[in-house]
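Visitor: What shape does this take:
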Amino acid sequence: DRKIPSISISISNHTVVRKIMKVLSNALLVLPLLSRASAFTVSHLCSRSHGRLSTSLNASQQTRLAFIQSATAAVALSAIQTQPADALVKGNAPTPKKVPSDERKCRNLEECQEQAEIAASKAEEEARANMVPASVTSKGTRYRVLVDAKEGSPVAKEGDQANIYYKVLKLGKRSYDGLSGEGTVVFSRGYGLEDDENKAGDNSFSFAVGDTQIIGALNDAIVGQAVGSVRRFAVTPQMGWEKATRECDGGPGGRGSGGDLKTDYVVVPTATMVDQEICFDKKKLPFPTTYAQQRRMAQRFDQSLILEVELVGIN
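Guide: The predicted model follows:
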């Protein structure tokens with residue numbers, strides 16, 4: 001009839017008390033399986049006034065007492081330790097602080113336009129620095145390759161029947177060399193931009209390389225172009241849709257005043273005025289098919305233009 005001293009733990013937190021009682025209850029379910037011959041009785045006495053838990057154990061083995069003590073201490077320690085808060089906060093997270101920028105925002109239309117001009121000038125300077133020089137044909141037509149063809153692709157030569165997609169472009173504001181930059185489409189074929197084309201590739205333009213009805217710039221610059229490649233040609237009025245007469249030969253690149261790459265030219269008081277329609281050679285190909293395209297072309301045929309050509313195939 002040995003008596004095992006009782007275990008007395010002073011705990012003021014009722015949540016901790018409940019956890020300890022749960023552990024002790026689970027221990028009662030396990031211990032009889034370990035030793036059926038043992039009589040194990042646990043009594044719980046809780047006093048609210050003194051905040052003390054008195055647990056008396058009547059057992060024959062000291063190992064069971066040690067188990068209860070270690071379990072009680074572990075539960076009490078885990079309950080007392082501070083747990084991290086997992087509460088969700090409603091609303092959006094605060095926006096990150098913006099890093100101060102050296103660029104000054106424009107405050108009115110004039111400042112915005114000025115900043116846009118500065119940015120465009122910087123982009124133009126970078127493009128000039130990285131620009132690949134344009135190639136020149138034996139007849140003086142300047143061109144640049146935009147897309148290379150696959151190795152071993154056949155190339156066009158005089159007398160071949162060429163099939164192409166093309167775009168005739170008005171020079172952009174910052175086309176400093178007559179070939180660079182984005183241009184406004186005057187008329188096209190094969191790119192799905194016209195009313196009679198549902199998608200790219202619906203139509204194409206076929207011609208015999210060297211045919212005198214074809215504009216000189218196209219006949220000149222397509223020689224040596226490989227199938228699948230894309231080239232841009234610089235088209236002066238004399239190599240395009242301007243009639244080869246002395247009265248009309250006064251635009252850029254001509255024998256009159258003007259220059260090589262100007263998109264327009266000024267009429268001086270001593271210049272001879274001629275009807276613009278008289279100088280527009282409507283027999284030259286390629287030629288716009290709709291009335292609206294023809295009117296646009298009639299206003300620009302005496303300016304330097306760009307002809308962008310993709311060679312689809314040759315026969």
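
Visitor: so where is this structure shaky, pLDDT-wise?
Guide: Applying pLDDT under 70 to the chain picks out residues 1-69, 71-93, 98-104, 127-128, 131, 174, 176, 250-276.

Visitor: Which parts of it are strands?
Guide: For the chain, the strands defined by DSSP state E occupy 7-10, 41-47, 52-58, 135-136, 142-147, 161-170, 184-189, 205-208, 230-235, 305-314.

Visitor: out of those strands, which comes closest to residue 153?
Guide: Closest to residue 153 of those, according to C-beta to C-beta: strand 305-314, at 8.9 Å. Yep, even glycine has a C-beta here, placed from its N, CA and C like the rest.

Visitor: Pull out the buried residues from the closest one.
Guide: Across strand 305-314, burial judged by 16 or more other C-beta atoms under 10 Å covers 305, 306, 307, 308, 309, 310, 311, 312, 314.

Visitor: just the strands of the chain: most buried one?
Guide: Compared across the strands of the chain, strand 230-235 shows the largest average neighbour count, a mean of 24 (mean count of other C-beta atoms under 10 Å).

Visitor: for that strand, packing partners?
Guide: Under the contact criterion of 3 or more C-beta pairs under 8 Å, 6 or more residues apart in numbering; DSSP states H and E, strand 230-235 touches strand 142-147, helix 216-221, strand 305-314.

Visitor: what lines up beside it in the sheet?
Guide: Paired neighbours of strand 230-235 in the sheet (DSSP bridges): strand 142-147 (antiparallel), strand 305-314 (antiparallel).

Visitor: angle of the last one against strand 161-170?
Guide: Right, strand 305-314. With axes from the mean of the first three to the mean of the last three C-alpha atoms, to 10 degrees defining the directions, strand 305-314 sits at 160 degrees from strand 161-170.

Visitor: Same list, the strands paired with strand 230-235, but as a markdown table with distance to residue 186 please.
Guide: Output for the strands paired with strand 230-235, formatted as a markdown table (distance: least, C-beta to C-beta, whole Å):
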| stretch | distance to residue 186 |
| --- | --- |
| strand 142-147 | 18 |
| strand 305-314 | 7 |
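
Visitor: Out of those strands, the one nearest residue 112 is which?
Guide: Checking the strands paired with strand 230-235 against residue 112 by C-beta to C-beta gives strand 305-314 as the closest, at 29.0 Å.

Visitor: On the strand side of things, show who residue 170 bridges to.
Guide: residue 184, residue 305.

Visitor: wait, it sits on residue 303?
Guide: Yes: Residue 170 sits in contact with residue 303 when judged by C-beta atoms under 8 Å, with a separation of 7.3 Å.

Visitor: out of the strands of the chain, nearest to residue 94?
Guide: Smallest distance to residue 94 across those (C-beta to C-beta): 45.6 Å, for strand 7-10.

Visitor: who's in contact with residue 207?
Guide: Contacts for residue 207 (C-beta atoms under 8 Å, 6 or more residues apart in numbering) come out as 161, 162, 164, 214, 218, 285, 286.

Visitor: residue boundaries of the helices in this protein?
Guide: Using DSSP state H, the helices of the chain run over 14-34, 62-80, 109-130, 216-221, 276-279, 291-298.

Visitor: List the contacts of the last one.
Guide: Judged by C-beta under 8 Å, 6+ apart, the contacts made with helix 291-298 from elsewhere in the structure are 168, 186, 187, 194, 241, 276, 277, 280, 282, 287, 288.

Visitor: Excluding residues flanking it in the chain, which one is nearest the second one?
Guide: Going back to what we said before, that points to residue 186. Nearest non-adjacent residue to residue 186, counting by C-beta to C-beta, 6 or more residues apart in numbering: residue 168, 4.6 Å away.

Visitor: Okay, the one you found and residue 237: tell me how far apart.
Guide: In this view, residue 168 and residue 237 are 13 Å apart by C-beta to C-beta, to the nearest Å.
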